[in-house]
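# my questions concern the predicted model and sequence given below.
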Amino acid sequence: MKKRYSNNFAQHLTGLDRPVAGPASEPTSPRAGVTRRAVLSGIGATALLGSLRPALGAEEQSLKARAARHGITFGSAVSAASLKDFPELGAAIARDCAVVVPENEMKWGWTENVRNRPDYKASEVIARFAATSDLRLRGHTAIWYKNIPAWTKAAISGPGGHDLLVKRVHDVVGHFRGRVVEWDVVNESIEPRDGRPDGMRNWPPFAPGDIGLIADCFHAAREADPDALLFYNDYGFEYDSDDEQSRRDAAIRIMEGLKKRNAPIDGFGIQSHLKVGNRFSPDVFRQFLADIAAFNVRISLTELDVNDQRMPSDIEERDDQVADHARQFLDVAFDERAVTTLLTWGFSDASTWLNSAQPRKDNLKQRPLPLDENFAKKPLWHAIAQSLDNAPDRP
Ligand code: XIL
């Protein structure tokens, strides 16, 4: 078996944390890192202030450097459109990130909208940005039930569906061969609400009770790029609810099934779309991480953002609660040494999918990401920094 687990690509980053072209000093919000709760409670506030507030005039350590120190890789999703629309975004990402993932551009609907006419133009924009900014590239995603081209819809449900999906994996993973460190081979195949006994999504290609197709996708990905780490990626594992418990159970069944079929799976992606107000149980989440790690795979937190839909409009309060919520989650996550990568789903509030996917009722913009819309650090940036600083070293 290949020695994959210890092949942490954070190791390659040593010495790469040099400043990149961009503003001489980073904008820092005046409340940087100081949560209102910490100030009000007084308990532990001195310690918090000491560790979170940057020393005057000192260049703050980037998130990627803080992560790499403990064998963790930090990064973010980015879209070609946001790089174009927000000229500061590229420099901000290059400063803090070691890896990027295209938010949409590698999805099937983008790369083969017309059958047998591959179009990698948009995804190559991100790949070029990565290559010129010392960033590694994550692949997202070969198979997803959403964002598939119209021409596939009938075909994937028929007898040729299996081969069509396996070919898709081979095509996209092969196109980026040698350039992608981690691939989300299959995304979001779990949906217990669909009522199937195996907890799988009621998507025709997933034949009931059989995860043979998913296993075949992993085999195809390995063949197409033997050096990429191959991940199963999904959402809804983070909270203490019956629904999420059945999702966690289904995830364990998938891992068992894949291992039984000797599928070459290296990692499990926990999307980590958090939401303030949801019930988080450290014990429940810790146990899930341990259960996944027991399959001898690494774990990546692949799409962190914090939905503030339930919060009142006050910006300071929202930012503090978002940071607090994420820190509780990250502290537990980083305690598990199999967790070796964290990516946020976007890096600045200037561009987040949540404003269209889950808009606030008061029509204010969501504030789910580490930087605000003017690219200044928010309490969430400092919460991530602190959780990274406290993380135990990876093996
Ligand atoms: C989202 C993008 O952020 C949006 O721009 C797009 O319209 C829909 O997809 N889980 C995933 C991601 O795995 O691919 C999704 O990305 C967010 C949820």
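Sure, I can see it.
# got the residues of the chain near the ligand?
Counting by Cβ under 6 Å from any ligand atom, the chain comes close to the ligand at 103-104, 187, 271, 303, 353. In this view, the C-beta of every residue, glycine as well, is placed from N, C-alpha and C.
# nearest to Arg318 among the residues you listed?
The nearest member of the residues of the chain next to the ligand to Arg318, counting by Cβ to Cβ, is Trp353 at 17.8 Å.
# pLDDT at that closest one, what is it?
Among the per-residue scores, Trp353 holds a pLDDT of 98.
# run through the residues that contact it.
By Cβ atoms under 8 Å, 6 or more residues apart in numbering, Trp353 lies in contact with 103, 345-346.
# repeat for Val284
Per Cβ under 8 Å, 6+ apart, neighbours of Val284: 240, 245.
# right, and the helix or strand after the host helix or strand of it?
Assigned by DSSP states H and E, Val284 belongs to helix 282-293. For helix 282-293, the succeeding helix or strand toward the C-terminus, using DSSP H and E, is strand 298-307.
# run the chain-centre distance for whichever helix or strand comes after that following strand.
Per DSSP H and E, the first helix or strand lying C-terminal to strand 298-307 is helix 315-335. Centroid displacement of helix 315-335 relative to its chain, using Cα atoms, centre = their mean, to the nearest Å, is 16 Å.
# what ranges do the helices span in the stretch 151-300 of the chain?
152-155, 161-175, 212-224, 242-260, 282-293 (DSSP state H, counting those that start in this stretch).
# can you list the buried residues in the longest one?
If I follow you right, that is helix 242-260. For helix 242-260, burial by neighbour count (16 or more other Cβ atoms under 10 Å) applies to 244, 246-248, 250-251, 253-255, 257-258.
# pLDDT weak spots in the stretch 51-200 of the chain?
Within the stretch 51-200 of the chain, the ranges that satisfy pLDDT under 70 run 51-59.
# residues near the residue of the stretch 1-150 of the chain found nearest the ligand, how many?
Of all residues in the stretch 1-150 of the chain, Glu103 sits closest to the ligand, at 4.8 Å by Cβ to the nearest ligand atom. By other Cβ atoms under 10 Å, 22 other residues sit near Glu103.
# do the same with Ala357
Applying other Cβ under 10 Å, we find 10 residues neighbouring Ala357.
# picking up where we left off before, out of the helices of the stretch 151-300 of the chain, which gets nearest to Val78?
Of all those, it is helix 161-175 that lies closest to Val78, at 18.1 Å by Cβ to Cβ.
# who does that closest one touch, helix- and strand-wise?
Contact here means 3 or more Cβ pairs under 8 Å, 6 or more residues apart in numbering; DSSP states H and E; on that basis helix 161-175 packs against helix 108-111, strand 136-144, helix 152-155, strand 180-187, helix 212-224.
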